[in-house]
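Undergrad: I would like to see how this sequence folds:
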Amino acid sequence: MATRAASLWHDLVRRSRAGSLSLETTALLVGAAFFSVGFVVSLPPFWGRELDIAGAWSIGAYAAVGGAVVAILSVLLGRVVVRRGRIAAQADGLTMRDDRLRWYDTAAITLAYAATALLGWSGIAALLELSFADAPVYDFPGAILVAVAFALTAYVCFLSAASLTPMMLSLVLAIFLVVGAFASMLTATDRHWWRDNLSALGMASNDSAWIFNGTLIVAGVIVTTVSRYATAGLPVADPQQKRGRHYIRIGMILMGIFLTCVGVFPVDAFFIVHNTVATGMAVAFAAVVIALPWLLPSISSVFVGMGYVYVAVIVLLGIFFATGYYNLTAVELIAAILIFSWIIVFLRAADDVQSQPATENAVERQPAV
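TA: Numbers count the residues shown, from 1 in each chain. Sure, this is the predicted structure:
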């Protein structure tokens, strides 16, 4: 048995060096390696103890903090493996014609994975703590559970990092925003923060401030990254369409920059600047949506119509707030959901346009002047 295992291991190493190892096999090997690491580093501190599911020095804490570290290592490993061509027939979805993934893009994406793992495992542990009230966990099964958390985190992070595409980044962005938003809401010191506005979560008086503001900062960088790579492959038939693609990219990058600034300048410390950049993000979104059929004639008319509906809803929400029918939290929350869902759907629509010839339907979809 030992001889057979050694033979299998040498075969895997040989295939990896030859670049013929599949992505799925490599991801499984990475997950298995981190399973071993998780068990080895968890068993000694767990030995002879009855462990809590959540809280300080609990299984959940080990899984969350260790999972964040594992996520960072797995994402970086996935990018390195792809860049060096160690995976057979694996194309790097972000190696576009005129853009490459920059170091700050990789840093933001890695932080998003790490934060999602940290907050996600913490949330799962808190939920299990409520489900199994006062239930102790012993040393050996506790180490196994942490090892499984490490393995699952490594597998998912490596697999997605090794096959990054704008669509994959949009999913990372969506999951990251949802996890970060709920984590900041659950940890808010002021349980009635919603009576003020959504930005109240980022005030210094709330324990959730670092989570909320950090989520916005990293999400803004991801939006900027997604914007550049989603528009880089859009087909253009003439200089006018090339300029249109450039304007779309600028508009979406501005949305990402404004979102980052919302987190950098909390509302309680920088009231005017915070409100200015938040409004700027909404204005940039509306400008891109309204000008889209002129800047990108080949985009789906259904998608254009959806964008117009989104802008109309946001304007209607503003009217409701001005008349006192809605509070500011409801307006901000719904507007944020609409804007980010539009960005995610835009990535799919952009992929559809990229699969068509640059001149296809350009004339029949050109809006009337």
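Undergrad: leaving out chain neighbours, which residue sits closest to G60?
TA: Leaving aside its chain neighbours, G60 sits nearest to A125 (2.3 Å; criterion: Cβ to Cβ, 6 or more residues apart in numbering). Bear in mind the C-beta positions are built from the backbone N, C-alpha and C, glycine included.
Undergrad: so how far is the host helix or strand of that neighbour from its chain's centroid?
TA: Here A125 is covered by helix 103-131, with elements defined by DSSP states H and E. The chain centroid and the centroid of helix 103-131 are separated by 10 Å under Cα atoms, centre = their mean, to the nearest Å.
Undergrad: helix, strand or coil for N206?
TA: Three-state secondary structure (criterion: DSSP: H, G, I helix; E, B strand; the rest coil) places N206 in coil.
Undergrad: so what pLDDT did it get?
TA: pLDDT recorded at N206 is 74.
Undergrad: re the thing from before, what packs against the helix holding A125?
TA: Using 3 or more Cβ pairs under 8 Å, 6 or more residues apart in numbering; DSSP states H and E, the elements in contact with helix 103-131 are helix 59-83, helix 139-162, helix 166-186, helix 209-232.
Undergrad: between that helix and helix 209-232, what angle do the directions make?
TA: Computed with axes from the mean of the first three to the mean of the last three Cα atoms, to 10 degrees, the direction of helix 103-131 lies at 130 degrees from that of helix 209-232.
Undergrad: in helix 103-131, what's buried?
TA: By 16 or more other Cβ atoms under 10 Å, the buried positions in helix 103-131 come out as 105-106, 108-126, 128-129.
Undergrad: and if you look at stretch 332-349?
TA: Within stretch 332-349, the residues that qualify as buried by neighbour count (16+ other Cβ under 10 Å) are 332, 334-336, 338-340, 342-347, 349.
Undergrad: tell me the average confidence for it?
TA: Regarding stretch 332-349, the rounded mean pLDDT is 83.
Undergrad: which SS class is the spatially closest residue to C261 that is not a sequence neighbour?
TA: When the adjacent residues along the chain are set aside, C261 lies closest to V277, with 4.0 Å between them (Cβ to Cβ, 6+ apart). Taken by three-state DSSP, the conformation at V277 corresponds to helix.
Undergrad: re the thing from before, next, the angle from the helix holding A125 to helix 59-83.
TA: Orientation of helix 103-131 against helix 59-83 (the same axes, to 10 degrees) gives an angle of 150 degrees.
Undergrad: quick one: average pLDDT of helix 103-131?
TA: Confidence over helix 103-131, taken as the mean pLDDT, stands at 83.
Undergrad: the helices and strands packed on helix 103-131: which one's closest to G244?
TA: helix 209-232 (10.0 Å; Cβ to Cβ).
Undergrad: average model confidence for the closest one?
TA: Confidence for helix 209-232, expressed as mean pLDDT, is 80.
Undergrad: all helices of the stretch 201-350 of the chain, in order?
TA: Counting by DSSP state H, counting those that start in this stretch, the stretch 201-350 of the chain forms helices over residues 209-232, 239-264, 271-295, 301-322, 328-354, given from the N-terminal end onward.
Undergrad: hmm, who's touching the third one?
TA: For helix 271-295, the external contacting residues (Cβ atoms under 8 Å, 6 or more residues apart in numbering) are 199, 244-245, 247-248, 251-252, 254-255, 258-259, 261-262, 265-267, 299, 301, 304, 307-308, 310-311, 314, 332, 335, 339, 342, 365-367.
Undergrad: can I get the buried ones among those as something I can paste into PyMOL?
TA: Isolation of the buried members of these (16+ other Cβ under 10 Å) is achieved in PyMOL through the command below:
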select buried, resi 199+244+245+247+248+251+252+254+255+258+259+261+262+265+266+267+299+304+307+310+311+314+332+335+339+342
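Undergrad: pull the helix or strand with minimum mean pLDDT from the chain.
TA: Per-element confidence for the chain was summarised using mean pLDDT, DSSP states H and E. The lowest value among helices and strands belongs to helix 2-17, with a mean of 51.
Undergrad: how about the helix or strand just after that helix: buried residues?
TA: Along the chain past helix 2-17, the next helix or strand (assigned with DSSP H and E) turns out to be helix 23-46. Across helix 23-46, burial judged by 16+ other Cβ under 10 Å covers 23, 26-31, 34-35, 37-39, 41-43, 46.
Undergrad: per-residue confidence at the nearest residue to G220 once chain neighbours are set aside?
TA: Leaving aside its chain neighbours, G220 sits nearest to T260 (3.0 Å; criterion: Cβ to Cβ, 6+ apart). Reported pLDDT at T260 in the predicted model: 89.
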